[in-house]
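Asker: When you get a sec, could you give me coordinates for this:
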Amino acid sequence: MIDRLRSHLLALIGARDPVTSPDALRSAEDYLTGQFQRLGLDVSFHPFQALGKTYRNVIAAMPASPRTAPQDDTRPLIVAAHYDTVPGSPGADDNASGLAVMLEVARSLRAVPLGRSLRFIGFCLEEREQLGSLAYASSLREAGQDILGAIVLECVGYACSEEGSQFAPAAVPIAIPSTGDFLGIIGNTASAELAGAVERAMNRHVPDLRTVSLLVPGQGERLPDTRRSDHAAFWAHGYPALMLTDTANFRNPHYHQASDTLATLDLAFLRQVAEAVTAAALDLAGTDMRPGA
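Answerer: Numbering: from 1, shown residues only. As a prediction, this is how the structure comes out:
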């Protein structure tokens, strides 16, 4: 798995900003599209207007299997990550890491009979106030479509086991470890059921990956740092959603810098995250089968 994750990272790392590097942004969109198609998934695009142009979210659909018993609850589960960067940063952790995990989860699940459908989404313009995910979540609400929830991968490749490597925003109401070697699970109270299910699945199937969960009231207004990714767009429209994160700048000194490169990532940690998200998606999709079973 590590070799596949590295391959995705090598293909995606590089500044992907809509203004300063638009060609690279389109190349990232093309890469996601091609990878999803190679897995045999149906790919569609959700276009939206922003910054005077049209941009697209990339959506890959994985249907429920006819080999599984029909469920009364047919709401799809979303697994997502954003494919743009801030200007001047190659965006290895932010957010090629999330994209690589999303692609590996899709690969792991493509041949598994699922009890519910999954959608894998590459969001554009997260770094521009979550414009892509806001447009998508708004379109779901306008169409009256419900979802089981969204799992958003945001900076999931940096880990450090040195004491004092982890910091926390002011006023966080839980104890945060002082070593930056855990995965954060951030939800709001309306997403508590989803957060609990995801953490239980991760701890059961990938026990070596430490997890720390934080639930915030409302839409995280009192802790703005908990709103800094595409999960907040789903919160804004009343959908349950989680951000999975290595905590970005509260751990990673290369966050939004030119030094956010492949060499700074911990691929063993990234593999654990991919395995944990796969396990959580399987549990939420209503099947007891594991990849390779």
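
Asker: thinking Leu51 is in contact with Pro22, fair?
Answerer: No. Contact between Leu51 and Pro22 fails when scored by CB atoms under 8 Å: they sit 10.3 Å apart. (Each C-beta comes from the backbone N, C-alpha and C, glycine too.)

Asker: And for the nearest residue to Arg107 once chain neighbours are set aside, the neighbour number?
Answerer: Take Arg107 and drop its neighbours on the chain: the residue closest to it by CB to CB, 6 or more residues apart in numbering is Leu39, 5.9 Å away. The criterion is other CB atoms under 10 Å. On that basis, Leu39 has 17 neighbouring residues.

Asker: Tell me, what's the model's pLDDT at Leu39?
Answerer: At Leu39 the predicted local distance difference test score is 98.

Asker: cool, Pro66 as well?
Answerer: At Pro66, the predicted lDDT confidence score is 82.

Asker: For the residue lying closest to Thr85 once chain neighbours are set aside, list the residues it contacts.
Answerer: Taking CB to CB, 6+ apart, and ignoring the residues beside it in sequence, Thr85 has Gly91 as its nearest neighbour in space, at 3.4 Å. For Gly91, the set of contacting residues under the criterion of CB atoms under 8 Å, 6 or more residues apart in numbering consists of 12-16, 85, 260.

Asker: ok, now with 7 Å
Answerer: Applying CB atoms under 7 Å, 6 or more residues apart in numbering to Gly91 gives the contacts 13, 15-16, 85, 260.

Asker: Tell me, how many residues neighbour Pro76?
Answerer: 19.

Asker: Sorry, wrong one. I was asking about Ala24.
Answerer: Using other CB under 10 Å, Ala24 has 21 neighbouring residues.

Asker: before we move on, the earlier item: thought Arg110 was touching the residue nearest to Arg107, still the case?
Answerer: Yes. With contacts counted by CB atoms under 7 Å, Leu39 reaches Arg110, the gap being 4.9 Å.

Asker: returning to what we had before: which of the contacts of Gly91 sits closest to Thr189?
Answerer: Thr85 (31.2 Å; CB to CB).

Asker: Spatially, what comes nearest to Met202 if we skip its sequence neighbours?
Answerer: For Met202, the closest residue by CB to CB, 6+ apart turns out to be Ala276, at 4.0 Å.

Asker: What helix or strand is that neighbour located in?
Answerer: Using DSSP states H and E, Ala276 sits in helix 267-284.

Asker: next structured bit after the helix or strand that contains Ile151?
Answerer: Under the assignment given by DSSP H and E, the secondary-structure element containing Ile151 is strand 149-154. Sequence-wise, the next helix or strand downstream of strand 149-154 (DSSP H and E) is strand 182-188.

Asker: Please state the offset of that next one from the chain centre?
Answerer: In terms of CA atoms, centre = their mean, to the nearest Å, the gap separating the centre of strand 182-188 from the centre of its chain is 11 Å.

Asker: Share the number of residues neighbouring Tyr239, please.
Answerer: Tyr239 has 23 neighbours, counted by other CB under 10 Å.

Asker: my read: it touches Ala137, true?
Answerer: Yes. Taking CB under 7 Å as the contact criterion, Tyr239 and Ala137 are neighbours in contact, 6.4 Å apart.

Asker: how close does the residue nearest to Thr74 when sequence neighbours are not counted sit to Pro76?
Answerer: Spatial nearest neighbour of Thr74, excluding adjacent residues (CB to CB, 6+ apart): Arg116 at 6.5 Å. Between Arg116 and Pro76 the distance is 6 Å, computed by CB to CB, to the nearest Å.
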